[in-house]
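A.B. asks: here's a sequence, model it:
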Amino acid sequence: MHITELEISKQLKSAPIYGLKSIFRKHGWEYLGSGAEASVALHPNRSYVLKVFKSSSKYQLFVKFCAQHVNNPHLPTFSRYVRPIPGTAFSYVRMEKLHKVTEQQLASTYMSEMRSLYDVGQEHGIDTIGDSLNDHLIAQWGFWDTYTADQLYNKLNKQPPDSWVSTVQALCAYAVDQGLRHMDLHDENFMLRQQTLVILDPFY
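C.D. replies: You can find the predicted model right below:
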């Protein structure tokens, strides 16, 4: 399906990113939410979500990373990679449907993944976890130096999956190669594929 089939190109030409909500709804899409640079919608008759974002966004870098790591369980899959919307400042992707995860889940069920993400980021000189989620994790477990990683994993009785550690290692190395030193991973930038944690949009 081409985005031109939505018949919204003319409306997108002058729409700010937060103005896409009414455009999506007008054309039968369920609006799922937006951030500073993107809006996401779901069509009831489609097996994917549509993400429209500013063509200047660093999200394109992340999609490129995902294309280089196809079948990685901790990255989203795309049925269509980045395509520009002609005559507008926007591009779009078609991405698999995933499920929401909460800050509380990240601070409990997925705490070993969060600790690994933090530690790997520090190894690479990158701040990986956003302030809001960081505050929530600290409230749950104390400051990051309360436990060593091994102490925390023993307390949780859970190690982060090897697949997760290798993913965040590769992602942080890629970020450094792209000249990035900060990520903004908060609860809305993770989702779940069944019980597997998926990184959704780490760069800004």
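
A.B. asks: for the closest residue to H99 other than its chain neighbours, what are its contacts?
C.D. replies: Spatial nearest neighbour of H99, chain neighbours left out: L192 (4.5 Å); criterion: Cβ to Cβ, 6 or more residues apart in numbering. Quick note: C-beta positions are derived from backbone N, CA and C, even for glycine. Neighbour list for L192: 98-101, 198 [criterion: Cβ atoms under 8 Å, 6 or more residues apart in numbering].

A.B. asks: want to throw those residues into a markdown table with distance to R46?
C.D. replies: Shown next, in a markdown table, are the contacts of L192 (distance: Cβ to Cβ, whole Å):
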| residue | distance to R46 |
| --- | --- |
| L98 | 14 |
| H99 | 17 |
| K100 | 19 |
| V101 | 23 |
| V198 | 19 |
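
A.B. asks: report the buried members of these.
C.D. replies: With neighbours counted by 16 or more other Cβ atoms under 10 Å, the contacts of L192 contain buried members at 98, 101, 198.

A.B. asks: got phi/psi on the second one?
C.D. replies: Its backbone dihedrals place V101 at phi -130, psi 140, with angles given as degrees, to the nearest 10.

A.B. asks: centre of the chain versus the lengthiest helix in the chain, how much separation?
C.D. replies: Longest helix in the chain, counting residues (DSSP state H): helix 162-177. Relative to the centre of its chain, helix 162-177 is centred 14 Å away, using Cα atoms, centre = their mean, to the nearest Å.

A.B. asks: can I get stretch 111-131 in PDB, CA atoms only?
C.D. replies: Output of stretch 111-131 as PDB, limited to C-alpha atoms (Å, rounded to 0.1, in the frame of the first residue of the first chain):
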ATOM      1  CA  MET A 111      15.100  -4.400  35.200                       C
ATOM      2  CA  SER A 112      18.100  -6.600  34.200                       C
ATOM      3  CA  GLU A 113      17.700  -5.300  30.600                       C
ATOM      4  CA  MET A 114      17.600  -1.700  31.900                       C
ATOM      5  CA  ARG A 115      20.700  -2.200  34.000                       C
ATOM      6  CA  SER A 116      22.600  -3.700  31.100                       C
ATOM      7  CA  LEU A 117      21.500  -0.900  28.800                       C
ATOM      8  CA  TYR A 118      22.700   1.700  31.300                       C
ATOM      9  CA  ASP A 119      26.100  -0.100  31.800                       C
ATOM     10  CA  VAL A 120      26.700  -0.600  28.100                       C
ATOM     11  CA  GLY A 121      25.900   3.000  27.500                       C
ATOM     12  CA  GLN A 122      28.500   4.100  30.100                       C
ATOM     13  CA  GLU A 123      31.100   1.900  28.500                       C
ATOM     14  CA  HIS A 124      30.500   3.800  25.200                       C
ATOM     15  CA  GLY A 125      30.200   7.200  26.800                       C
ATOM     16  CA  ILE A 126      26.500   7.400  26.000                       C
ATOM     17  CA  ASP A 127      23.600   8.400  28.200                       C
ATOM     18  CA  THR A 128      21.000   5.800  27.200                       C
ATOM     19  CA  ILE A 129      18.100   6.100  29.600                       C
ATOM     20  CA  GLY A 130      15.800   9.200  29.600                       C
ATOM     21  CA  ASP A 131      15.300  11.200  32.800                       C
END
